[in-house]
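Novice: I would like the atomic coordinates for the input below:
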Amino acid sequence: MTPKKQKKDGEADRLAEYRGKRDPGRTPEPVPDEKALEKKALPHGDDDTFVVQEHHASSLHWDLRLERDGVLVSWAVPKGLPWSPDTNHLAVHTEDHPLEYATFEGEIPRGEYGAGQMFIWDRGTYETEKWSEREVKIVIHGSRVSGRYVLFRTRGKNWMIHRMDPPADPDAEPLPESLRPMRPVEKARLPRDQKAWGFEFAWGGKRMPAYVEGGRTRFTDDRGRAVDGPGGLGARLGASLGARPALLDGELAVLEGREIYMIYDLLHLDGRPLLDVPYRERRERLDELDLSGPRWQTAPWFPGDGDAVRDAAADQGLPGVVAKRLDSSYEAGEDSGAWRFIPVPA
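Specialist: Next comes the predicted model:
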């Protein structure tokens with residue numbers, strides 16, 4: 001892992017494993033041949049370039065690559081670089097990559113090694129404090145991640161990455177382990193002052209808050225107990241948010257014979273709890289995330305238009321309407337009059 005500065009006769013080709021996994025006729029990735037490498041020196045700095053690529057392969061992960069002696073030494077980090085020293089993340093050492101890979105973004109075709117979309121998540125420079133076969137200490141200077149990190153080998157290709165500095169954002173808070181959702185009280189009529197309320201369809205589904213972090217998702221039920229989501233939903237929903245941690249409130253509903261996760265509230269985002277933020281602002285922030293996929297979507301909401309929503313719910317055969325005060329906070333675990341369920345008349 002610590003190569004010589006210049007290739008000598010008989011020295012192993014450091015990119016042989018990389019080239020052996022890729023067909024230059026099928027993938028847009030850079031695949032320099034060995035003869036080309038011998039004929040010209042690749043451009044590089046002073047072993048001070050890093051890149052983190054978000055890789056939507058069969059399992060979402062982030063690839064950390066460090067320029068070292070003419071190649072990019074690489075680790076696949078399933079949950080991304082830790083933002084706090086309280087948590088270590090797995091980092092799997094992979095094959096060295098060519099320097100040209102530091103600028104690669106694109107889609108690796110299906111059937112090829114690492115198939116899927118790849119985006120540059122961050123790039124910049126780094127300083128080396130220590131580099132050995134079992135431990136790498138660096139100081140990263142990027143636009144999204146900065147600080148002192150150490151990578152240390154545990155077993156085989158498995159390493160761990162640890163942040164040595166205090167949290168990048170000392171005010172950030174982790175997602176809660178569990179949260180009991182807020183529940184509406186049932187009323188026979190719509191609120192009189194409809195302009196003060198937002199209205200949503202009642203979907204009649206199973207309540208399932210979603211905790212998304214590091215591209216992974218876990219679900220709880222209406223009592224805050226861990227439950228399994230439908231196969232594949234958690235991974236695909238997590239991939240849609242990438243590195244952004246979020247706590248979503250929603251329910252698994254059956255629409256036109258298909259299970260769809262309907263998302264209608266945002267309770268935590270990017271290390272910031274949103275329980276005390278008014279409903280209107282939480283919904284606007286949720287809309288900005290543009291969460292829509294084959295098995296999930298952001299539920300519509302309609303400020304001040306309860307009669308039209310109730311009529312539409314009746315036409316679609318839905319059980320009713322949920323009215324939510326625009327200025328209301330999120331009262332976790334409570335039956336609150338700030339939310340009202342109004343059933344559609346039989």
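
Novice: hey, which helix or strand in the chain has the poorest pLDDT?
Specialist: Using mean pLDDT, DSSP states H and E, the weakest-scoring helix or strand in the chain turns out to be helix 34-39, at a mean of 43.

Novice: right, and the helix or strand after that helix?
Specialist: For helix 34-39, the following helix or strand on the C-terminal side (DSSP states H and E) is strand 49-56.

Novice: show me what that following strand is packed up against.
Specialist: strand 60-68, strand 116-131, strand 135-142 (3 or more Cβ pairs under 8 Å, 6 or more residues apart in numbering; DSSP states H and E). Heads up, the C-betas are built off the backbone N, CA and C, glycines and all.

Novice: mind putting those into a markdown table with distance to Pro98 and mean pLDDT?
Specialist: Output for the helices and strands packed on strand 49-56, formatted as a markdown table (distance: least, Cβ to Cβ, whole Å; pLDDT from 0 to 100):
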| stretch | distance to Pro98 | mean pLDDT |
| --- | --- | --- |
| strand 60-68 | 10 | 96 |
| strand 116-131 | 15 | 95 |
| strand 135-142 | 20 | 97 |
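
Novice: quick one: closest of those strands to Val185.
Specialist: Each of these has some distance to Val185 by Cβ to Cβ; the shortest is strand 60-68, at 39.4 Å.

Novice: sheet-wise, list the partners of the closest one with their directions.
Specialist: strand 49-56 (antiparallel), strand 71-77 (antiparallel) (DSSP bridges).

Novice: circling back to that earlier point, winner for burial among the helices and strands packed on strand 49-56?
Specialist: The highest mean neighbour count among these, using mean count of other Cβ atoms under 10 Å, belongs to strand 60-68: a mean of 23.

Novice: measure how that strand sits relative to strand 116-131, angle-wise.
Specialist: Angle, strand 60-68 to strand 116-131, by axes from the mean of the first three to the mean of the last three Cα atoms, to 10 degrees: 40 degrees.

Novice: is it true that Val344 touches Leu318?
Specialist: Yes: in this structure Val344 lies within contact range of Leu318 using Cβ atoms under 8 Å: 6.8 Å.

Novice: coming back round to it: which of the strands paired with strand 60-68 sits closest to Ala210?
Specialist: strand 49-56 (18.8 Å).

Novice: what angle separates the closest one from strand 135-142?
Specialist: Using the same axes, to 10 degrees: strand 49-56 against strand 135-142 is 90 degrees.

Novice: where do the contact lists of Val344 and Leu318 overlap?
Specialist: In terms of Cβ atoms under 8 Å, 6 or more residues apart in numbering, Val344 and Leu318 are not both contacted by any residue.

Novice: list the contacts for Val277?
Specialist: Counted by Cβ under 8 Å, 6+ apart, Val277 has contacts Arg285, Ser329, Tyr330.
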